[in-house]
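Trainee: sharing a sequence plus its predicted fold:
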Amino acid sequence: MDRVSIKERGVLRLYTWWRRFRTLPVIEFPDALNQIERLLICLPADPEEARQAADVIPELIRCLQAESAIVLGEQSATTSCTLSEEGLQVITIGDTDRRWTGSPSSDLIDRVVGSGLNVAVDLSLQMDLLTSALCLQSKAPARFCFCGPYRALFFNIQIVLSDQTDPLNSEIDPINQADLLIPSLSNSPYVRLLHIVQRMTGHAPSPQEST
């Protein structure tokens, strides 16, 4: 389960209140995953998890057919990864990019979101308030994450792994939740997420490739 501090609980309650007065658009498939000009991928903060997550980034970009992609992460995460795909921009989270509440600064939002994003993918297994809030404020029509408590406040597509529980079992009830819950069978959570996105976009690997 995601570890949430007392301060973060207070911030999450504010997001819950905010959601009560916002009607979010319904995702339209497959249109939401077509013609992706700008893709945001958020790395886990843990360097080892970031290295594992980075292994699937090139194929994730290819299956989404994104024209350009931004990879965002803490310095310990981005420096531990080899990210050399063409059209890939790496943005490192600096000391001033996180507000005292844990949410992203206005400067970071401007640097990442720019003229807009089509899809946002948060590869963090544990919820990070900064990347979660950034994905929401990007206004990307499709926002992916792993399933977990509080995630429905920020994301509209949650990937359920076999050892995860229903996102409705949360201390804060999500408002107008519209999550896509899909089971997966591989060992690495990042490979499993990739295979699910591949199936959603019609680029699923053959049985020989997925074993």
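Mentor: Structure received. Numbers count the residues shown, from 1 in each chain.
Trainee: how close does residue 45 get to residue 53?
Mentor: Summarising the geometry, the distance separating residue 45 from residue 53, computed by CB to CB, to the nearest Å, is 11 Å. C-beta: built from backbone N, CA, C; applies to glycine.
Trainee: these two: who's more crowded?
Mentor: For residue 45 against residue 53, the residue with the higher neighbour count under other CB atoms under 10 Å is residue 53, and the figures read 29 against 17.
Trainee: isn't that one right up against residue 188?
Mentor: No: using CB atoms under 8 Å, residue 53 is not in contact with residue 188; the gap is 9.1 Å.
Trainee: and for these two, which residues touch both?
Mentor: Common contacts of residue 53 and residue 188 (CB atoms under 8 Å, 6 or more residues apart in numbering): none found.
Trainee: sec struct for the spatially closest residue to residue 51 that is not a sequence neighbour, please.
Mentor: Among residues not flanking residue 51 along the chain, residue 80 sits closest, at 5.4 Å (CB to CB, 6 or more residues apart in numbering). Counting by DSSP: H, G, I helix; E, B strand; the rest coil, the backbone at residue 80 sits in coil.
Trainee: which residues sit in contact with residue 80?
Mentor: 47-48, 50-51.
Trainee: could you turn the buried ones of those into a ChimeraX selection?
Mentor: The command below creates a ChimeraX selection of those among the contacts of residue 80 that count as buried (16 or more other CB atoms under 10 Å):
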select :47,50
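Trainee: can you get me a residue count around the closest residue to residue 118 other than its chain neighbours?
Mentor: Ranked by CB to CB, 6+ apart and with sequence neighbours excluded, the top spatial neighbour of residue 118 is residue 36, at 4.4 Å. Other residues lying near residue 36 total 21 when counted by other CB under 10 Å.
Trainee: per-residue pLDDT, residue 36?
Mentor: Model confidence at residue 36, expressed as pLDDT, equals 88.
Trainee: and it, how close does it get to residue 55?
Mentor: For residue 36 relative to residue 55 (CB to CB), the value is 21 Å.
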